[in-house]
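In: Output the structure for:
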Amino acid sequence: MSESDRDFEKYEKLKDNYNWFHSNYEELKRDYSDQYVAVRNKRQIDNDYNFELLIKRLNLYNCDESIVIEYVC
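Out: Numbers count the residues shown, from 1 in each chain. Okay, the predicted model is just below:
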């Protein structure tokens with residue numbers, strides 16, 4: 001698999017995770033209001049009120065995974 005194919009695959013996973021987040025926003029809002037929510041493989045994997053703590057807990061320094069983190073208002 002070429003590097004561009006891998007990059008496209010990562011992009012598709014990110015897009016799927018963003019779409020899942022927005023499709024499930026109301027449920028996430030009910031359960032995780034005012035928190036950052038991490039999504040991988042179209043499911044919520046972690047959440048926290050503090051973004052930096054969430055990043056540390058997920059160990060996302062220089063991460064190459066397709067994880068979406070969004071704030072739920």
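In: nearest spatial neighbour of the residue most central in space within the chain, skipping sequence neighbours?
Out: Centroid-nearest residue in the chain, with CA atoms, centre = their mean: residue 68, separated by 2.1 Å. If the residues on either side of it in the chain are set aside, residue 68 comes closest to residue 17, at 4.0 Å by CB to CB, 6 or more residues apart in numbering. For glycine as for every other residue, the C-beta is placed from the backbone atoms N, C-alpha and C.
In: And that neighbour, how close does it get to residue 2?
Out: 23 Å (CB to CB, to the nearest Å).
In: out of these two, which sits in the busier spot?
Out: The neighbour count for residue 17 versus residue 2, taken as other CB atoms under 10 Å, is higher for residue 17 (21 against 7).
In: how near is that one to residue 41?
Out: Distance, residue 17 to residue 41, by CB to CB: 8 Å.
In: Residue 4 too?
Out: On the measure of CB to CB, residue 4 and residue 41 end up 22 Å apart.
In: Could you export the lengthiest helix in the chain as PDB, keeping only the C-alpha atoms?
Out: Longest helix in the chain by number of residues, with DSSP state H as the criterion: helix 3-23. Only the C-alpha atoms of helix 3-23 are listed here, as PDB (Å, rounded to 0.1, in the frame of the first residue of the first chain):
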ATOM      1  CA  GLU A   3       1.800   6.300   1.400                       C
ATOM      2  CA  SER A   4      -0.900   8.200  -0.400                       C
ATOM      3  CA  ASP A   5      -3.300   5.200   0.000                       C
ATOM      4  CA  ARG A   6      -2.500   5.100   3.800                       C
ATOM      5  CA  ASP A   7      -3.100   8.900   4.000                       C
ATOM      6  CA  PHE A   8      -6.400   8.500   2.200                       C
ATOM      7  CA  GLU A   9      -7.500   5.700   4.500                       C
ATOM      8  CA  LYS A  10      -6.700   7.800   7.600                       C
ATOM      9  CA  TYR A  11      -8.700  10.700   6.100                       C
ATOM     10  CA  GLU A  12     -11.700   8.400   5.500                       C
ATOM     11  CA  LYS A  13     -11.500   7.100   9.100                       C
ATOM     12  CA  LEU A  14     -11.400  10.700  10.400                       C
ATOM     13  CA  LYS A  15     -14.300  11.700   8.200                       C
ATOM     14  CA  ASP A  16     -16.300   8.700   9.500                       C
ATOM     15  CA  ASN A  17     -15.500   9.600  13.100                       C
ATOM     16  CA  TYR A  18     -16.500  13.300  12.500                       C
ATOM     17  CA  ASN A  19     -19.800  12.200  10.900                       C
ATOM     18  CA  TRP A  20     -20.500   9.800  13.800                       C
ATOM     19  CA  PHE A  21     -19.800  12.600  16.300                       C
ATOM     20  CA  HIS A  22     -22.200  15.000  14.600                       C
ATOM     21  CA  SER A  23     -24.900  12.300  14.000                       C
END
